[in-house]
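*Asks:* could you look at this predicted model? Sequence included:
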Protein chains: 2
Amino acid sequence: MFAAERDGVAARINSIERAGAGALIQTSGGRRMRGSVAQQLAVMILSGELPPGHVFPTELDYAEQIGISRSSLREAFRVLSAKGLVESRPKAGTRVNPRRQWSLLDPDLLAWQFAAEPSAKFLRDLFELRLTVEPNAAAIAAARRSDDEVEAMRRALEKMARHGLATEEGRLADQQFHMVMLEATRNDAIIALASSIMAAIAWTTIYKQRNHALKRDPIPDHRLLYDAFAAGDAEAARHAMAELIRLALADTEMSA
Amino acid sequence: MFAAERDGVAARINSIERAGAGALIQTSGGRRMRGSVAQQLAVMILSGELPPGHVFPTELDYAEQIGISRSSLREAFRVLSAKGLVESRPKAGTRVNPRRQWSLLDPDLLAWQFAAEPSAKFLRDLFELRLTVEPNAAAIAAARRSDDEVEAMRRALEKMARHGLATEEGRLADQQFHMVMLEATRNDAIIALASSIMAAIAWTTIYKQRNHALKRDPIPDHRLLYDAFAAGDAEAARHAMAELIRLALADTEMSA
DNA sequence: GCGATAATATTATACGATATATTGTAGGAC
DNA sequence: GTCCTACAATATATCGTATAATATTATCGC
């Protein structure tokens, strides 16, 4: 009832990557309570405004400074700490961790990165990781898929072709297409990784697409992948997925 | 000063995967404060004792029930929420999320999984992910490595050969060997992923090895990988890394 | 100058009170 | 009879303060 009122795109992405990560995502919509401290702090850290080694003021001071209670600030710090961004120690204060300890692939961190215009370098890194993981995942999936999954992908592909990626329904079908394939790997680790990266990258592709619509027709790549998947041809699936990702990368770079 | 007093192995692993993830890890050493609620709850959820959909008692009741303050319980819930394990909503209470929303690759979650004897299925999934990611990472690294990194890996390999994997120093050198290679990829996303998985898997291999020491000599595999890396031969590096992981998998399965 | 010890600042935890949001229910309109 | 609207109950969200634990820092003694 209220989710539908929000920006459809943002709401959907959120629901894909995490049906609701507590108060933080909820407030990211814009209005609602005045919290969202964790997100704001995270963005400041990720953007480099608060560099590694930076020590925050004491909890009491900082809470007053940003106008929230100490309890709320502490809970925000706990969230950031859980994602490896900061670390709190008695007497020493709370400080920003070195980048190496950040959980960069955490769904929330990914979302927050993209909320603050990710660096081109990081985007390339993500695509390189996709190019590393997903073709192999497609090969595994093709070898293990069930007939039900083939059918589910066929339906998703059909819906995608009917609506096109310019519509909400079409993009949803696209996500479903990839999600079914991921689940066919029967590998929870791969599913967790690929789904969050995909959701994060969907952010950019979608919001870039607002300016100038995608010219290329994405259906042929997907159909090739589907055919390999349906045939259970692992190598063909690997190749088709790699090609699909390369095209997606080219699309985002072209529009950058 | 205090870290050295703890169990060397556990302390090192912790420091590798995250130099100190707040109070939670600290308490996992055994003593210290009576918190560690987040870890205990996480283990219960990961082990299936608290299945998805389970709703916790109200914060007031539950805090009293487990003997901590409501503030502490809330902070613990925030940590779990940040990792996608639970979700809290006014009036509805705090409930366990469906597995699909768990951040399985989070360093802490991995550590906690392994603390509670991970399922064989999950271990296989992780190795399959490693087999997907790391060979390609090795290939990328070989293409981009600097001479300094070759030198650093040579030293690590040498130290590893001198001490053997039965010693603390030898295992540390092993970790360094792999870490240098990962950093040579220049890809933050790949580094974040592979390092946390490696750290998690080191848990099992180490503690299994306490029972019956590893018979196989790991140096030859590593030397092959090093040679490919030093020569900048991407394909050879890919192949060597895949072989190395397969052997590691065979070791853990043999001892299982 | 160095080491042990005490002082101190800051986080960690605890507790009670208030604000706020969501859900479930009841009531009314069509 | 079904749907929508308004309201109330309840649980989380936030707040403010007090106490305990602890790591750093400084001081004192050797």
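*Replies:* Noted; the coordinates are in hand. This structure is a prediction, so every number in the text was calculated from the model and none was measured. Numbers count the residues shown, from 1 in each chain, chains lettered A, B, ... in the order given.
*Asks:* what about the nearest residue to A:N187 once chain neighbours are set aside, neighbour count?
*Replies:* Take A:N187 and drop its neighbours on the chain: the residue closest to it by Cβ to Cβ, 6 or more residues apart in numbering or on different chains is B:D125, 4.6 Å away. The way it works is simple: take the backbone N, C-alpha and C, and place the C-beta from them, glycine included. Around B:D125 sit 21 other residues, with neighbours defined as other Cβ atoms under 10 Å in any protein chain shown.
*Asks:* dump the residue contacts of B:D125.
*Replies:* B:D125 is in contact with A:N187, A:D188, A:A189, A:I190, counting by Cβ atoms under 8 Å, 6 or more residues apart in numbering or on different chains.
*Asks:* same list (the residues you listed) but as a markdown table, adding distance to DNA strand D, neighbour count and pLDDT.
*Replies:* As requested, these are exported to a markdown table (distance: Cβ to the nearest atom of the strand, whole Å; neighbours: other Cβ atoms under 10 Å in any protein chain shown; pLDDT from 0 to 100):
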| residue | distance to DNA strand D | neighbour count | pLDDT |
| --- | --- | --- | --- |
| A:N187 | 32 | 24 | 97 |
| A:D188 | 27 | 20 | 96 |
| A:A189 | 29 | 24 | 96 |
| A:I190 | 31 | 26 | 96 |
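*Asks:* widest-spaced pair of those?
*Replies:* Between any two of these, the greatest separation by Cβ to Cβ is 7.5 Å, found for A:D188 and A:I190.
*Asks:* please enumerate the helices of the stretch 51-200 of chain A.
*Replies:* A:59-66, A:70-82, A:107-115, A:120-144, A:147-163, A:168-183, A:188-209 (DSSP state H, counting those that start in this stretch).
*Asks:* what ranges in the stretch 1-150 of chain A fall below the confidence cut-off?
*Replies:* A:1-35 (pLDDT under 70).
*Asks:* what residues does it have near chain B?
*Replies:* Residues of the stretch 1-150 of chain A found near chain B (Cβ under 8 Å from any Cβ of the partner chain) are A:18-23, A:71, A:74-75, A:78-79, A:81-84, A:87-89, A:97, A:99-108, A:122, A:125-126, A:128-129, A:132-133, A:136-137, A:140.
*Asks:* out of those residues, which are buried?
*Replies:* A:18, A:20-23, A:74-75, A:78-79, A:81-84, A:87-88, A:97, A:99-108, A:122, A:125-126, A:128-129, A:132-133, A:136-137, A:140 (16 or more other Cβ atoms under 10 Å in any protein chain shown).
*Asks:* okay, now the nearest residue to A:F56 once chain neighbours are set aside: neighbour count?
*Replies:* When the adjacent residues along the chain are set aside, A:F56 lies closest to A:T94, with 4.7 Å between them (Cβ to Cβ, 6+ apart). With neighbours defined by other Cβ under 10 Å, the count for A:T94 comes to 21.
*Asks:* so A:T94 touches A:L85, yeah?
*Replies:* No - using Cβ atoms under 8 Å, A:T94 makes no contact with A:L85, being 10.2 Å away.
*Asks:* dump the residue contacts of the residue most central in space within chain A.
*Replies:* Residue closest to the average C-alpha location in chain A (Cα atoms, centre = their mean): A:A200, at 2.2 Å. Counting by Cβ under 8 Å, 6+ apart, A:A200 makes contact with A:E17, A:P107, A:L110, A:A111, A:Q113, A:F114, A:L126.
*Asks:* can you pull the contacts of A:Q65?
*Replies:* Residues in contact with A:Q65, defined by Cβ under 8 Å, 6+ apart, are A:P57.
*Asks:* how far away is it from B:A120?
*Replies:* For A:Q65, the distance to B:A120 (Cβ to Cβ, to the nearest Å) stands at 51 Å.
*Asks:* ok, now which ones touch A:I191?
*Replies:* By Cβ under 8 Å, 6+ apart, the neighbours of A:I191 are A:L182, A:E183, A:T185, B:R100.
*Asks:* residue numbers of the stretch 151-256 of chain A in contact with chain B?
*Replies:* Residues of the stretch 151-256 of chain A that fall close to chain B, judged by Cβ under 8 Å from any Cβ: A:N187, A:D188, A:A189, A:I190, A:I191, A:A192, A:L193, A:S195, A:S196.
*Asks:* pretty sure the first one contacts B:L131?
*Replies:* Okay, so that is A:N187. No - here A:N187 does not reach B:L131: they are 10.7 Å apart, not a contact under Cβ under 8 Å.
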